[in-house]
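A.B. asks: Quick one, fold the following:
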Amino acid sequence: MDKEKYLIFGEDLTTIDVDNVDTSAAVEVQTTTSLVDPVTLLDTDSGTAGVIEVQIKAHANHTFGSAYGSPTAGDYVTINPAGYTVHDTNGKITIITAATDAVDGVTTDTSTNTNNDFRINLLKHIDGATLSCFPASKFKGIQLVNDTTADLYFEAGSGDIDDVDVILVTHGAGKFKQLVEMVNDAMSSAKGGAAVDFFIGGSQGATGTSIADVSFNGNPAVIGNIAITLD
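C.D. replies: Next up, the predicted model:
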């Protein structure tokens, strides 16, 4: 019996800005579903494992630990993973003050919330949120949406026979034909049992990060991003 082949899809890695954070009571930054949906997929290891990058826009009223030198006001500074903690279930990030950790800590402006701007960058895909793997045998078809987008359909992983999992592909203008050929070639590219990276988005816009896309066969359809909707 032939072994199953899988196509792997990943959405672009995302960035969120959380500005004007009031740190008078607690130095906490709440992540949102724009970064990871749901945020409960973040946990205590998200920083140390390199899943997220936490940055703060330097301000004259901030005090930085010795690890950061003397940041220029207005620049985003990446906080070392030892300088913050991530809640195990709610995606909340707590910044450790420089008074508590003189090396990796950062003390924010506790009197003026507009001086506390944070940026959270997603550096790795999280299975179930931004990354999914679909059996080639479950492929149901492809449909043109418009000149730059198309839907790929797979049998619902939930087992619901009345629904499908959908991947909305954003591709180059007029590249639907190339997308269809790309899907066909990916499914017939190797013997069964293989996993094919069809498109896994990176991140080119996040401050301090540059992660290239991974695509199949040189990306002839010029795929720019995908969006996964599971049943």
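A.B. asks: Next, the spatially closest residue to A60 that is not a sequence neighbour: secondary structure please.
C.D. replies: Using C-beta to C-beta, 6 or more residues apart in numbering and skipping residues adjacent in sequence, the residue nearest A60 is A73, 5.4 Å away. C-betas here are computed from N, CA, C, even on glycine. Three-state assignment for A73 (DSSP: H, G, I helix; E, B strand; the rest coil): coil.
A.B. asks: Can you list the low-confidence ranges for this structure?
C.D. replies: Where the chain drops to pLDDT under 70, the residues are 1-2, 190-193, 205-208.
A.B. asks: In contact with the residue nearest to A60, which residues?
C.D. replies: Residues near A73 by C-beta atoms under 8 Å, 6 or more residues apart in numbering: A58, H59, A60.
A.B. asks: and the chain, what are its domains?
C.D. replies: As assigned by automatic domain parsing, the chain contains the domains 6-11+128-229, 20-116.
A.B. asks: Dump the ones you listed into JSON lines; add distance to L122 as well.
C.D. replies: Shown next, in JSON lines, are the domains of the chain (distance: least, C-beta to C-beta, whole Å):
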{"stretch": "domain 6-11+128-229", "distance to L122": "7"}
{"stretch": "domain 20-116", "distance to L122": "6"}
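A.B. asks: Now do Q30 against I93, distance only.
C.D. replies: Distance from Q30 to I93, counting by C-beta to C-beta, to the nearest Å: 8 Å.
A.B. asks: Comparing the two, which residue is more hemmed in?
C.D. replies: Neighbours were counted for Q30 and for I93 using other C-beta atoms under 10 Å; I93 has more, 22 against 15.
A.B. asks: if I pick S210, what's in contact with it?
C.D. replies: G202, S203, Q204.
A.B. asks: hmm, try it at 7 Å
C.D. replies: S210 is in contact with Q204, counting by C-beta atoms under 7 Å, 6 or more residues apart in numbering.
A.B. asks: Can you tell me how far it is from L42?
C.D. replies: For S210, the distance to L42 equals 22 Å [C-beta to C-beta].
A.B. asks: Near A136, how many other residues are there?
C.D. replies: 17.
A.B. asks: Give me the distance between the residue nearest to V21 when sequence neighbours are not counted and K92.
C.D. replies: Computed as C-beta to C-beta, 6+ apart, the closest residue to V21 that is not its neighbour in sequence is N116, at 4.3 Å. Counting by C-beta to C-beta, the separation of N116 from K92 is 15 Å.
A.B. asks: Between those two, tell me which one has more neighbours.
C.D. replies: More neighbours surround N116 than the other of N116 and K92, with 24 against 16 (other C-beta under 10 Å).
A.B. asks: The more buried one is in contact with T23, isn't it?
C.D. replies: Yes - N116 lies in contact with T23 (C-beta atoms under 7 Å); the separation is 5.5 Å.
A.B. asks: Overlap in contacts, these two.
C.D. replies: Listed as contacting both N116 and T23 by C-beta under 7 Å, 6+ apart are T108.
A.B. asks: you'd agree D151 is up against V166?
C.D. replies: Yes - assessed by C-beta under 7 Å, D151 is found in contact with V166 at 5.4 Å.
A.B. asks: Now do the SS call for the closest residue to S24 other than its chain neighbours.
C.D. replies: Closest residue to S24 in three dimensions, ignoring its sequence neighbours and counting by C-beta to C-beta, 6+ apart: T110, at 4.9 Å. Assigned with three-state DSSP, T110 falls in the coil class.
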